[in-house]
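Asker: predicted model and sequence follow; I will ask about them next.
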Number of protein chains: 2
Amino acid sequence: MKPIEIVLSIPGRPAVDYPILVGANLFAVKAWLPKTAISQIVIITDNTVEKHYGAQLLGALQQAGSACLLLSFRAGERSKNDTTKRRLENAMLQHRCDRSTLIVALGGGVVGDMAGFIAATYLRGVSYLQIPTTLLAMVDSCVGGKTGINTPYGKNLVGAIYQPMGVVVDVNCLKTLSKKHRINGLVEAIKVFLTYDAASFRYTVLHLSQMLQGDQALLQDLVIRAIKIKAGVVSRDETERGERSVLNFGHTMGHALEKASDYRVLHGHAVAYGILVEATIAYLLGLLDQQALNEIKVCLAQLGFHGKDLQSYDVDQLIEITKGDKKNQVGQVRYVLLQDIGRVQFTDGVYVHVVGDELVRQAFNSLISKDH
Amino acid sequence: MKPIEIVLSIPGRPAVDYPILVGANLFAVKAWLPKTAISQIVIITDNTVEKHYGAQLLGALQQAGSACLLLSFRAGERSKNDTTKRRLENAMLQHRCDRSTLIVALGGGVVGDMAGFIAATYLRGVSYLQIPTTLLAMVDSCVGGKTGINTPYGKNLVGAIYQPMGVVVDVNCLKTLSKKHRINGLVEAIKVFLTYDAASFRYTVLHLSQMLQGDQALLQDLVIRAIKIKAGVVSRDETERGERSVLNFGHTMGHALEKASDYRVLHGHAVAYGILVEATIAYLLGLLDQQALNEIKVCLAQLGFHGKDLQSYDVDQLIEITKGDKKNQVGQVRYVLLQDIGRVQFTDGVYVHVVGDELVRQAFNSLISKDH
C-alpha cells in the first residue's frame, strides 16, 4: 500500500504547514528526512520502544549522513514529568545541540508529549518530527501539536501547543503492540468518529473484531480516517478556543478515572468509560436517543468495557477531580454532549456545556445498575 | 505627560497585536485592565519589588473587582530556574487557576522571563501582562515575548517566545532604582541605538549625565525611543530567524562575561563590555571607523566602563563560553558587526557573521592594553 500524505495547514501561518505520512516501511528515512539545514538529530524515546526500533532508526538516520544521538527514558506515564524533561535537556546541552537540531519523537503519547515539549522550549524552540509507535499516538496525539508534562496536580497541566514539522506514521510498528494497547488506540479513534463521522464509526464497528486482531490494512485505514478528521479540527482551531474542545469528548470523566486509578488504567480504557458516562449524560438530557446510546454501549462492550465496571469508583470523588480539570472554569464542569452519532451539540457558539453534579451522578448510577 | 501607546503587530497574526503603554501613575489599573473575561489575576513578582509595589498593585486590582493573588520569589538571576517555576506553577494549580487566568509580571527582567515562561506553559498557555519596574526591562525585555529560565549550562537555554497581551511601563517605578541599575538599563538602550538609530544614540550621549541622575522625563523619552525600535524589529522577525538577532549586538561577549563572573556582573554592565569588544572587532575588520569606535568608548566610559577593566578576565575562557551560546552553531561563533553608529553589517542575507578566535583575542587585548 502506497503511503498516504495528509497536510495540516493553519490558516494565515503557511510556514507551519506540515505533512503527515501514513504507510508501511517508513524507516527508510530518505522518504521524509527534511531537506532543511540540520546540525544534529536527537531521537527521544523510551526504553521499551528503544528495544524495538531504536537501533533501526538510529542506523537509518546515520546512514543517511546525519549526526544523530538517541536519548531514552523509562517508559510510562510516571516518567512524563519535570525531572525527566530537565535530564533530557541537560543531555542535549551537554552535547551542544544548537537551534538547528531536529528532535525525533519515537514512541507513544508519553514520548510525543515529552519530546514535543522539549522541542517547544529548548533554546526557545527547535524543530521536531513525530514518529508514533502506538495506535493511540497514531490516531490522536501525534497530530495537532499538544505537548506537555504531568504535575502532582494532574496530567498535562504544563505544556505548549507547538506543531511538529512533520509526522511519520509507520503502521508496521503496530506489529509489536499488545491487544490491550490496540484497544487503547481503537477507543480514541471511536471517540473521533462519534463526534464527527457516523460512517467511520459504523465502519469501525463492522470490522472491529479484525481490527482487534491487528489487521494491518484495516488499522491503517482507521488511522487515516481519524487523522484526516483531526487535522481538519486543528487547522480550524489550533489553540482550542472553540471547536478543538470537541475532541475532549469522553475525556472529562476519562481523565478523572485515570487519576482516581492513579494512572493504572490506560488512557484509552479510561476514555472508553468516559464515553459511556458522557453519552449517558447526553441521553439523560434528551439529546441523544436510546438507540444511539445502545449502539455506543454495544461497540464498547465488544472491546471489553461495561458500565458496571465503574462500580469500583466513587462518583463523588470523580466529580471532585473533574473540577480541577484544566478545561474547566473554577467550580463549573463542562462536557461535550453528543446529539447523535457523529454530531455534537453546538449552541450559543460553544461546544462545551456546564452539567450539574447531580446529572453526572445519575448517569454514573444508571451505568452501574444491574440492568446495564 | 500623557501616556504614549505603541502597538506591536505581528503580520498575519492580528490576534497577537498588543499595546505598550508608557507613562506615569499607571497603577490606576482601570486604564489598562483587559476587558476580556478573566477568572483570576496572579501577580508574579520578586521579594524586592513586592516590598515597593506589591501591595499597591494588588490593592488596585482588587479594588477594580478582580480576584487576585500575589506570588513572589527571591530576587535575583539565581532564582530564574526550574525549581522556582515549578513552585509557582504548583501554587497556581493549588489555587485552581484556570485557562482564563491573567498573569501579571511585576518586576525586572528576571520576573518578566519567569512569569512569561509560566504563562507560555501553564495549561499550555494563559494570557499575561508585563509591568517592568527596572529601566533594563523597560527598554528591552518587556517587549517581544522572549521568556525563559536558566540552566546549569547557561542563561535562558530553556524558554519560549510567547507574546504578552500588553505591556504597562510606569516610569514612576524608576524612582526606587539605584544608579547601578539605571546604568544597567542605559546600556541596553544604547545598544539598541547603536544598531538602529544614530540620532537617538547622540541624543542619549548629550543627556547622559541627567539620565544617570534619574531625570524622569528624559528616561521616559529614552524608553519610548528604544521600545519603538524594538517593536518594529520584533514585528518583522518575531522568532529571531534573521533581523531580530541584531539586538544581540554586544551580547555574545556580554553573556560570556556574565557567565565567567558567575553572574556577579549585572547583565547591562556585561553588555557594555560586550559592546566594547564587539565594536573593536568591527573596527579591526575595517568595518567601523576609528572615530565611531571612539564615540562609543567615550560614551561607555561616562557610564564607568573602560576596556582595561577586562584585565581580570581570561579571553580564552570567554571564547570557550561563547561557543556554548545558543545562538551559535557548533564550534562557530557569530557576531553582529557595526558598520557605523546606527547601522550593522547585512551581507548575503545574514545579520550575524562568523569571527575567528584570533580576531576576538586581538580585540580583547587591544582593549586591555594601557593605551586605551
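Answerer: Great, that's in hand.
Asker: quick one: the closest residue to chain B within the stretch 151-300 of chain A from residue A:76, how far?
Answerer: Relative to chain B, the nearest point of the stretch 151-300 of chain A is residue A:153 (3.9 Å; Cβ to the nearest Cβ). Using the backbone N, CA and C atoms, a C-beta is placed for each residue, glycine as well. As for residue A:153, its distance to residue A:76 is 19 Å (criterion: Cβ to Cβ, to the nearest Å).
Asker: quick one: which of these two has more around it?
Answerer: residue A:153 (16 against 13; other Cβ atoms under 10 Å in any protein chain shown).
Asker: how about the contacts made by the closest residue to that one other than its chain neighbours?
Answerer: Among residues not flanking residue A:153 along the chain, residue B:93 sits closest, at 3.9 Å (Cβ to Cβ, 6 or more residues apart in numbering or on different chains). With contacts defined as Cβ atoms under 8 Å, 6 or more residues apart in numbering or on different chains, residue B:93 is in contact with A:151, A:153-154, A:157, A:324.
Asker: so of those residues, which ones are in strands?
Answerer: Counted as lying in strands by DSSP state E, out of these, are A:151, A:154, A:157.
Asker: tell me which of those residues has the lowest pLDDT.
Answerer: Here the lowest pLDDT out of the ones in strands among the contacts of residue B:93 sits on residue A:154, with 85.
Asker: what is the burial count for residue A:116?
Answerer: Residue A:116: 28 neighbours (other Cβ under 10 Å).
Asker: for the record, mean pLDDT for stretch A:75-90?
Answerer: Computed over stretch A:75-90, the average pLDDT equals 96.
Asker: does it reach chain B?
Answerer: Yes. Under the criterion of Cβ under 8 Å from any Cβ of the partner chain, stretch A:75-90 makes contact with chain B via A:82, A:86, A:89-90.
Asker: give me the buried subset of those.
Answerer: Among the residues of stretch A:75-90 next to chain B, those buried by neighbour count (16 or more other Cβ atoms under 10 Å in any protein chain shown) are A:82, A:86, A:89.
Asker: now those in a markdown table, with secondary structure?
Answerer: Formatted as a markdown table, these follow (DSSP: H, G, I helix; E, B strand; the rest coil):
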| residue | secondary structure |
| --- | --- |
| A:82 | helix |
| A:86 | helix |
| A:89 | helix |
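Asker: with distance to residue B:36 added, can I get those in CSV?
Answerer: As requested, these are exported to CSV (distance: Cβ to Cβ, whole Å):
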residue, distance to residue B:36
A:82, 30
A:86, 34
A:89, 34
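Asker: and which of the contacts of residue B:93 is nearest to residue A:18?
Answerer: residue A:157 (26.0 Å; Cβ to Cβ).
Asker: just among the ones in strands among the contacts of residue B:93, which is most surrounded?
Answerer: In these, the most neighbours by other Cβ under 10 Å go to residue A:157, 22 neighbours.
Asker: could you find the closest non-adjacent residue to residue A:88?
Answerer: residue A:71 (5.4 Å).
Asker: give the buried residues for stretch A:266-286.
Answerer: A:266-285.
Asker: chain center to it, what's the gap?
Answerer: 17 Å (Cα atoms, centre = their mean, to the nearest Å).
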